[in-house]
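Asks: what's the 3D shape of this:
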Amino acid sequence: MPNNNRVPVVLAVLLTAGAACAQEKATVSGAVTNSVSGAPVPRAHVTVMSGRQRYGVLTNGEGKYSITGLPPSTYMVQVERVGFVWQARSFDGSQLELRAGQKESFDLALTPMGGITGRVLDADGEPVQLARVMAEGNDTEANAITDNKGLYRLGGIAPGKYRVRASLVTRPLPPETRTDGSKEIHYSATYAPGVLSRKEAARVAVPAGSDVDGIDIRLAATPLVKVSGKVLDVPAGQVYLQVSHSTSRFSEIGNMETLKADGTFVIWGLDAGKYTLQATLNGMGGNTAQSAPLDLEVGTSDIEHLELRMMAPIDIAGQLRFEDERARAPLKADSDEPAGGMEQQILLQPMTEGNTVQGEIGANDSFHFEKVPPGRYRLEVQGRSQSYVKSMQWGPLQVDGSILEVGNGANGGALAVLISADMCEIRGTVSDSKGPVAQAMVLIFGDMERVAQTDAQGHYIVPLRPGKYRLLSTNANGPAVMMDRAMLDDYDEGDVATVELRPGDKATQDLKQVPPPK
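Replies: Numbering: from 1, shown residues only. As a prediction, this is how the structure comes out:
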């Protein structure tokens, strides 16, 4: 006889398995509010992400949300809404670990953005139309264009302090010949209220959800300067002269000038500031003919008779030499790297734009680089953290330190690199008003750039090569702790320590942890 009980048993098993699967899913819910007013924020987009899996919802009219059916995992939570900025709970964002069947409550707060308004004026106090205005803050940039009354508004700005800069889009043309006796005026990029230097610029504090009005900028008049010279050994093809400058924290490309048939060039209309010139075949760098970059500073006088020499990438062979047996010795067993030393690598790291060139080190400490474009490089021997490049000899060129110029001088023959073990170190304690701070970040800028962290007692120790360094410890999170030298301008002089190290020095530098600039 057939077993009539078999089907119900199978259904029961399937129902039980289905219930178990449903219990394995997790839920996260909560509310999104305005961090200033406490009001709910409707239609905010809340997402949770684990790997490539993303789940999201929009908040309802009461600012509430619920995301269901989440497999157990660790998720990153994010929220966004036009007109608001989300300030994450930590440097990594908000992380949420969900277990099977868990129902997690997770409230979020959005901060309303602010703005900056003002006018751009010329030397006579007349409004300037079509000026580009930029707000510079922690890894943040906002732009606007002035109208016919010289008015601008920089909107969508997160709360914080900003420097505001105005500049004109000018054509690289020679001065006008004016028949009325007037003189052409050149206006350089200018910071509010009317200064050329970023360090001297006023810092505008933008509160949450409000505009700061009346930030006027009077453009600074500077001479119309001519920069001229010649590119030598120009190969067949279209060669461009690239002019790059950094008048703010954000590097910019100024011009792509074409050369005359004889390789000469003339550049007009550069603002006061520091620039780098580099000639490249077809305007493209890399493994093609180009010149080494040439640095110059534009002021009030013409700069003439500059020379850049085009050359193809070259191979560089050389030899590592050691100051003594300590410099030759492998790494200590108590270092962060394996006893006997990690695999050595020799690198040429570009000081500006470009790709790192990796060389090979032979068994007899010889090395070889292939196809090195002209440029300025820092030579690094990785895998030898207890020693450093003290000097180099390349033909008649003697170099103190590790900076190598390829293509701007007499290069030739084997490159001899002297390795020294006279490393330095800086140690100290980071404290705040309550005493030593554990897990505090120490930012180190100089010949080497490092980020250190204090131990449970607030102590730090950092090995460094000789040089001059500036140290800062801040409890800022997110973009404020990015390794950017320009950020030091935002802190008071007393917050940043300066230490100069000679070979073998062991310095002590205690630091006070400071909050981010307000």
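
Asks: Can you give me every residue that contacts the residue lying closest to residue 435 once chain neighbours are set aside?
Replies: Once flanking residues are discounted, residue 435 sits nearest to residue 458: 7.5 Å by Cβ to Cβ, 6 or more residues apart in numbering. Where you see a C-beta, it was placed from the backbone N, CA and C, and this is true even at glycine. By Cβ atoms under 8 Å, 6 or more residues apart in numbering, the contact set of residue 458 is 429, 430, 431, 435, 436, 437, 438, 440.

Asks: Pull out the buried members of those residues.
Replies: For these, a burial check counting by 16 or more other Cβ atoms under 10 Å picks out 429, 430, 431, 436, 437, 440.

Asks: Okay, domains of the chain per the record?
Replies: 22-112, 114-222, 226-311, 314-420, 424-512 (automatic domain parsing).

Asks: how about TSV for the ones you listed, with mean pLDDT added?
Replies: Formatted as TSV, those follow (pLDDT from 0 to 100):
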stretch	mean pLDDT
domain 22-112	90
domain 114-222	91
domain 226-311	80
domain 314-420	82
domain 424-512	87
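
Asks: and the contacts of residue 458, which of them are in strands?
Replies: 429, 430, 431, 435, 436 (DSSP state E).

Asks: is the fourth one in a bridge, and if so with what?
Replies: Taking DSSP bridges, one obtains residue 432 as the residues bridged to residue 435.

Asks: Distance check, residue 272 against residue 226.
Replies: For residue 272, the distance to residue 226 (Cβ to Cβ, to the nearest Å) stands at 14 Å.

Asks: swap in residue 126?
Replies: Using Cβ to Cβ, residue 126 is found at 27 Å from residue 226.

Asks: more neighbours, these two?
Replies: Neighbours per residue, other Cβ atoms under 10 Å: of residue 126 and residue 226, the larger number sits with residue 226, 17 against 9.

Asks: which non-adjacent residue is nearest that one?
Replies: residue 302 (4.5 Å).

Asks: close enough to count as contact, that neighbour and residue 229?
Replies: No - between residue 302 and residue 229 there is no contact under Cβ atoms under 8 Å: 11.2 Å.

Asks: Among these two, which residue is more densely surrounded?
Replies: Taking other Cβ under 10 Å, residue 302 and residue 229 do not tie; residue 229 has more neighbours (20 against 13).

Asks: Distance-wise, check residue 311 relative to residue 262.
Replies: 18 Å.

Asks: picking up where we left off before, could you pull up the residues touching the residue nearest to residue 226?
Replies: 225, 226, 227, 228.

Asks: which among those residues end up buried?
Replies: With burial judged by 16+ other Cβ under 10 Å, the buried subset of these is 225, 226, 227.

Asks: Show me the residues you listed that map onto strands.
Replies: Using DSSP E, those in strands are 226, 227.

Asks: Counting neighbours, what do you get for residue 241?
Replies: 24.

Asks: That one: which element?
Replies: strand 239-245 (DSSP states H and E).

Asks: Assess the claim that residue 79 and residue 32 are in contact.
Replies: Yes - under the criterion of Cβ under 8 Å, residue 79 makes contact with residue 32 at 5.8 Å.

Asks: okay, and the common contacts of these two?
Replies: If you check residue 79 and residue 32 against Cβ under 8 Å, 6+ apart, the residues they both contact are 44, 46, 108, 110.

Asks: thinking again about what came up before, now, which of the contacts of residue 302 sits nearest residue 203?
Replies: Proximity of those to residue 203 (Cβ to Cβ) peaks at residue 225, which lies at 29.0 Å.

Asks: who are the neighbours in contact with that closest one?
Replies: Contacts of residue 225 (Cβ under 8 Å, 6+ apart): 186, 268, 270, 298, 299, 300, 301, 302, 303.
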